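1. give me coordinates for this.
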Amino acid sequence: MNGAQSLVKTLLASGVDTCFANPGTSEMHFVAALDENPAMRCILCLFEGGTSGAADGYFRMSGRVAATMLHLAPGFGNAYSNLHNARKAGSGMVNIMGDHATYHLAFESPLKGDTEGISRTISHWTRSSLSASDVARDGAEAVRVARSANGRIATLVLPADTAWGDGSEPVQALEPPALFRPSSAELDAAAEALKADGAALLLGGQATHGPLLRLGAQIAQAADCRLMVPLHSPRLERGAGTPPVEQLLYPVDANAELLKGVRSLVVCGTHAPVNFFAYPGKPSVPTRPDIHVQDLADETMDLAFVLNGLADRLGAHSETVAPVELALPERPEGALTATSAGALIARAMPENAIVVNEAVTSGAPITTATRTGPHHDWLITMGGAIGQCLPCATGAAVACPDRKVLALTGDGSAMYTLQSLWTMARERLDVTVIVFANRGYQILHGELANLGVTQVGRNARAMFDVEDPTLDWVALAEGHGVPGTRATTIDEMEAALDEALAAPGPRLIEVVLSRLIPAAA
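-> So this is what the prediction gives:
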């Protein structure tokens with residue numbers, strides 16, 4: 001058994017049975033070993049950012065670690081943006097990064113790079129196997145680390161000669177270490193803080209879906225405080241039947257207005273609110289200067305223990321929280337705008353859908369319209385690095401093949417990782433992609449104005465729009481094997497949604513919106 005074979009068998013013995021791959025020459029023995037083990041599902045992504053984004057979406061929806069296969073330092077670099085998003089989401093994954101044979105590293109070959117260096121800037125754990133006999137043990141440790149602290153990024157660098165050399169027997173990964181818990185005194189203080197006037201409980205991480213979200217709502221009701229979640233949550237359960245929560249906002253002033261009455265904030269599973277960017281004359285945080293913040297637990301801690309401890313102290317287990325009731329928007333009339341598109345999506349989306357939202361400037365009205373729609377999970381780009389939607393939707397669909405996935409993306413964002421359409425087609429994934437074609441990076445117009453720039457000239461417009469030529473998303477989709485259609489009116493979008501959501505497999509709808517862009521100076 002060579003090193004690569006011992007690694008694949010170690011991954012399978014440790015419960016890792018999915019690999020999102022973009023292989024190169026240095027990974028050929030790993031490819032051969034994967035081929036010998038059909039229990040491992042191998043999914044080809046045509047760009048490395050697709051592998052890391054898919055592993056992120058897979059973990060968010062399954063709670064299970066997937067492997068990625070990346071080719072040397074340049075390949076890892078291509079995966080970096082969505083590794084950043086995955087790290088911010090707290091997603092666990094095991095990256096297998098091939099490298100040159102150890103003896104070949106003495107020479108300055110074209111693809112030689114600092115494999116460990118690039119990994120250490122984003123991975124929580126990095127190790128290069130020193131010999132073929134070390135590979136199985138190192139692989140098992142990578143899995144253990146990836147499952148630690150509710151999800152970590154572990155990267156194993158696999159030099160080619162350690163893949164083809166004589167390996168050891170496979171190793172089963174040990175259980176991850178116990179999660180850290182706050183002290184009884186900290187829980188006592190948090191319970192008292194939640195009972196204060198102007199108190200709020202801010203939930204994040206794994207506490208924004210499932211039983212922990214419901215327990216958080218019971219705690220907030222027992223304490224008579226507000227229940228809030230960040231703007232960016234890895235997986236937010238929303239819609240009919242879920243507890244009502246207040247979600248933080250993107251605009252600085254609006255977020256400050258939402259939080260102005262909060263004088264005592266207990267944070268569990270996330271960090272205290274912070275503005276996405278700095279702006280001239282505005283503070284970095286949206287909370288009031290005299291607020292008392294208790295960082296009770298971050299996303300790496302034992303959130304079930306924390307919330308149960310708060311519930312015990314507040315007598316919250318017996319609370320009955322009235323859930324969100326289904327309330328669909330009226331069918332819109334008039335022009336096809338982001339607001340009318342949001343209403344159509346809320347009306348058409350099936351029960352228990354998974355919605356991956358990177359619609360950016362079109363996203364706010366869709367968020368509002370779907371809040372009281374059918375029950376669904378809401379996945380958002382955690383790290384703010386665009387190009388996450390399509391790969392994340394790919395991974396979510398692999399994790400949950402029995403659920404419809406809606407991928408909402410802007411045309412500019414989708415161009416970063418449009419290769420994921422091909423993977424959706426290859427794997428027959430049940431994803432409906434909705435591309436909001438406003439022909440540019442529209443959010444940047446607002447950001448420019450926020451920084452005090454009021455005149456927009458030729459150079460700024462050239463950097464913000466994606467016209468001349470205009471992107472043809474129907475042609476792009478069909479070129480990747482995904483049936484596509486274009487909607488320019490409410491009737492056309494309604495019909496396209498009905499058709500796409502009724503059919504299995506991937507579909508794409510290009511929604512052409514009117515746009516408001518400042519005139520050139």
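
2. tell me the SS of V511?
-> Put simply, V511 is strand when judged by DSSP: H, G, I helix; E, B strand; the rest coil.

3. before we move on, what about V356?
-> strand.

4. and what of V435?
-> V435 falls in the strand class when you classify it by three-state DSSP.

5. bridged to it, which residues?
-> According to DSSP bridges, T409, E510 are recorded as the beta-bridge partners of V435.

6. surely it is in contact with W473?
-> Yes - with contact defined as CB atoms under 8 Å, V435 reaches W473; the gap is 4.9 Å. In short, each C-beta sits where N, CA and C put it, glycine included.

7. more neighbours, these two?
-> When neighbours are counted by other CB atoms under 10 Å, V435 and W473 differ, and V435 comes out ahead with 31 against 26.

8. who does the helix or strand hosting G363 touch, helix- and strand-wise?
-> Using DSSP states H and E, the element containing G363 is helix 363-370. With contacts defined as 3 or more CB pairs under 8 Å, 6 or more residues apart in numbering; DSSP states H and E, helix 363-370 has these neighbours: helix 338-348, strand 353-358.

9. now do 7 Å
-> Helix 363-370 is packed against helix 338-348, with contacts defined by 3 or more CB pairs under 7 Å, 6 or more residues apart in numbering; DSSP states H and E.

10. spatially central residue for the protein, please.
-> Most central in the chain under CA atoms, centre = their mean is T381, positioned 4.8 Å from the mean C-alpha point.

11. residue ranges with poor pLDDT in this structure?
-> Counting by pLDDT under 70, the chain contains low-confidence ranges at 439-467, 514-521.

12. quick one, domains of it?
-> What automatic domain parsing lists as the domains of the chain is 3-164, 184-314, 338-512.

13. dump those domains into a markdown table; add distance to A322 as well.
-> Converted to a markdown table, these look like this (distance: least, CB to CB, whole Å):
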| stretch | distance to A322 |
| --- | --- |
| domain 3-164 | 27 |
| domain 184-314 | 8 |
| domain 338-512 | 13 |
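
14. what about the ones you listed, which gets the closest to P329?
-> When these are ranked by distance to P329, counting by CB to CB, first place goes to domain 338-512 at 3.9 Å.

15. that older thread, would you confirm that the residue nearest to the centre of the chain contacts A359?
-> No - taking CB atoms under 7 Å as the contact criterion, T381 and A359 are not neighbours in contact, 10.2 Å apart.

16. please list all residues in contact with A437.
-> Applying CB atoms under 7 Å, 6 or more residues apart in numbering, one finds that A437 lies in contact with 411, 473, 510-513.

17. same question for A191.
-> Contact partners of A191, counting by CB under 7 Å, 6+ apart, are 310, 313-314.

18. most neighbours, which of these?
-> When neighbours are counted as other CB under 10 Å, the busiest of these turns out to be L310, with 27 neighbours.

19. run through who's touching whichever strand or helix holds that residue.
-> L310 is located in helix 303-314, with elements delineated by DSSP H and E. The set of residues external to helix 303-314 that reach it, using CB under 7 Å, 6+ apart, is 181-182, 187-188, 190-191, 194, 205-207, 212, 215-216, 218-219, 222-223, 268-269, 296-297, 317.

20. got a quick PyMOL command for the buried subset of the residues you listed?
-> This is the PyMOL syntax for the buried subset of these, where burial follows 16 or more other CB atoms under 10 Å:
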select buried, resi 181+182+187+190+191+194+205+206+207+212+215+216+218+219+222+223+268+269+296+297
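
21. the contacts of helix 303-314 in helices, which ones?
-> 187-188, 190-191, 194, 212, 215-216, 218-219, 222-223 (DSSP state H).

22. quick one: which of those residues is nearest to A503?
-> Set against A503, the nearest of the ones in helices among the contacts of helix 303-314 by CB to CB is L212 (34.8 Å).

23. pretty sure the closest one is touching Q206, no?
-> Yes - with contact defined as CB under 7 Å, L212 counts as touching Q206 (6.1 Å).

24. contact partners of the helix holding G363?
-> Outside of helix 363-370, the residues that reach it under the criterion CB under 7 Å, 6+ apart are 238-239, 329, 338-339, 341-343, 345-346, 349, 357, 359, 408.

25. which pair in those residues spans the largest distance?
-> With distance counted by CB to CB, no two of the contacts of helix 363-370 lie farther apart than G239 and A338, which are 19.3 Å apart.

26. quick one on the thing from earlier: nearest to E175 among the domains of the chain would be which one?
-> Within those, the stretch nearest E175 is domain 3-164; the backing value is 7.4 Å (CB to CB).

27. compute the first-to-last residue distance for the closest one.
-> When the termini of domain 3-164 are compared using CA to CA, to the nearest Å, they are 6 Å apart.

28. quick one: that domain to chain centroid distance?
-> When C-alpha coordinates are averaged (CA atoms, centre = their mean, to the nearest Å), domain 3-164 and its chain have centres 19 Å apart.

29. ok, L202 - contacts?
-> Contacts were defined as CB under 7 Å, 6+ apart; by that measure L202 touches 228, 265-268, 270.

30. how about the strands in the stretch 351-500 of the chain?
-> Here the stretch 351-500 of the chain has its strands, by DSSP state E, counting those that start in this stretch, at 353-358, 376-380, 405-410, 431-437, 484-487.
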